[in-house]
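Participant: Build me a model:
(one chain, ligands or ions: 1)
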Amino acid sequence: MNASTPALEVTGLVYAYKQNRAVDGIDLHVPQGSVYGLLGPNGAGKTTAIRAITTLLPIPPGMVRVFGRDPARDQMGVRRSLGYVPQQLSADAGLTGRENVANFARLFDVPRAVRAEKVERALDAVGLLEVADRMAKAYSGGMVRRLELAQALVSSPRLLILDEPTIGLDPIARDSVWRHIGDVRAATGMTVLVTTHYMDEAEEYCDQIALMHKGRIRAAGTPQQLIASLPPEASGTSLEDAFRYYSGGAGLEESEEGGDFRDVRSTRATASRVR
Ligand SMILES: Nc1ncnc2c1ncn2[C@@H]1O[C@H](COP(=O)(O)OP(=O)(O)OP(=O)(O)O)[C@@H](O)[C@H]1O
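Facilitator: So this is what the prediction gives:
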């Protein structure tokens, strides 16, 4: 693998829950070091695509390559290069920040000799070192999200996948999450694949965006290209206009709460479908 190998290459990815083709033949090309946004209304198939990419759903060979590796053939090899922050809460309220991150370090096989140091570095990278010995249940919503980021960063992933990383956070907490992601990227060259409903975030932080609707990619490019691609009758000037146009007017979700651990739990429980 060299620098021109894409961090992620998806070709004709299909995934169906019984009769429902949640992902209906998508292609993605994510260059190393980029921030790639997967946008789409509720039910577009974003989480299903991410679960297939992260080896959590079984897919046939040939549809996905992560740094050249096929998750259908080399599940462990792919997992080793990934960090994943799911929509569902992944931090344990009854543990301290440090204990939560240390658990992930063990789970992801971070070698024992460097484990303590990596845990400290991950906590430092998200600005939680000073509160690392407090229980996570005492954290604000934004701190919980940064803790989950630290959990995903502790194994030094080359591709970080974030499913709605800022959902339910106030604008200041959202900025803080993005600033920490940006710092880690600048330091490591990590690639980021992110889903979000916040168009302002996508426009500001994503190099490339794919707009997904009903299992398919409807348009892809830089935010500027997507806006420029709108036909005159769409009379659009923003990414939000592009989103509405390509998703047939499907609604944007807005939520602007800060809150604490309990609020995060209930916001995310609402945000994620009960399955
Ligand atoms: N475990 C499941 N079993 C059956 N159907 C599912 C399951 N998960 C998702 N689906 C269906 O697959 C489709 C895509 O859902 P998915 O969660 O991937 O979309 P999404 O774009 O991530 O939506 P959201 O923004 O709400 O998270 C929807 O029709 C959904 O009902």
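Participant: can we go C-alpha only for contacts and neighbour counts from here?
Facilitator: Noted.
Participant: how about the helices of the stretch 1-150 of the chain, start to end?
Facilitator: Per DSSP state H, counting those that start in this stretch, the stretch 1-150 of the chain carries helices over the ranges 46-53, 75-81, 97-107, 112-125, 141-153.
Participant: Residue numbers of this protein in contact with the ligand?
Facilitator: For the chain, the contact set with the ligand under Cα under 6 Å from any ligand atom comprises 17, 22, 40-48, 275.
Participant: hmm, try it at 8 Å
Facilitator: 16-18, 20-23, 39-49, 87, 163-164, 196-197, 212-215, 271-273, 275 (Cα under 8 Å from any ligand atom).
Participant: burial of Pro231, as a residue count?
Facilitator: 11 (other Cα atoms under 10 Å).
Participant: same deal with the one 3 residues further on?
Facilitator: Close neighbours of Ala234, defined as other Cα under 10 Å, add up to 12.
Participant: Could you check how far the spatially closest residue to it that is not a sequence neighbour is from the ligand?
Facilitator: Leaving aside its chain neighbours, Ala234 sits nearest to Tyr245 (6.9 Å; criterion: Cα to Cα, 6 or more residues apart in numbering). Distance of Tyr245 to the ligand, computed by Cα to the nearest ligand atom, to the nearest Å: 17 Å.
Participant: What's opposite the residue nearest to Gly77 when sequence neighbours are not counted in the beta bridge?
Facilitator: Excluding the flanking residues, the one nearest Gly77 by Cα to Cα, 6+ apart is Arg69, at 7.1 Å. Assessed by DSSP bridges, Arg69 has beta-bridge partners Val66.
Participant: pLDDT weak spots in the protein?
Facilitator: The model of the chain has pLDDT under 70 over residues 1, 249-275.
Participant: Pull the residues that contact the top helix by length along it.
Facilitator: The helix that spans the most residues within the chain, counting by DSSP state H, is helix 171-188. Residues from elsewhere that reach helix 171-188 (Cα atoms under 8 Å, 6 or more residues apart in numbering): 33, 125-127, 141-142, 145-146, 165-166, 190-191, 205, 256, 258.
Participant: For PyMOL, what selects the buried ones among those residues?
Facilitator: Selection of buried members from the contacts of helix 171-188 for PyMOL, criterion 16 or more other Cα atoms under 10 Å:
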select buried, resi 33+125+126+127+141+142+145+146+165+166+190+191+205+258
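Participant: What is the nearest of the contacts of helix 171-188 to the ligand?
Facilitator: Pro165 (11.6 Å; Cα to the nearest ligand atom).
Participant: who touches that closest one in this structure?
Facilitator: Per Cα under 8 Å, 6+ apart, neighbours of Pro165: 85, 87, 145, 177, 194-196.
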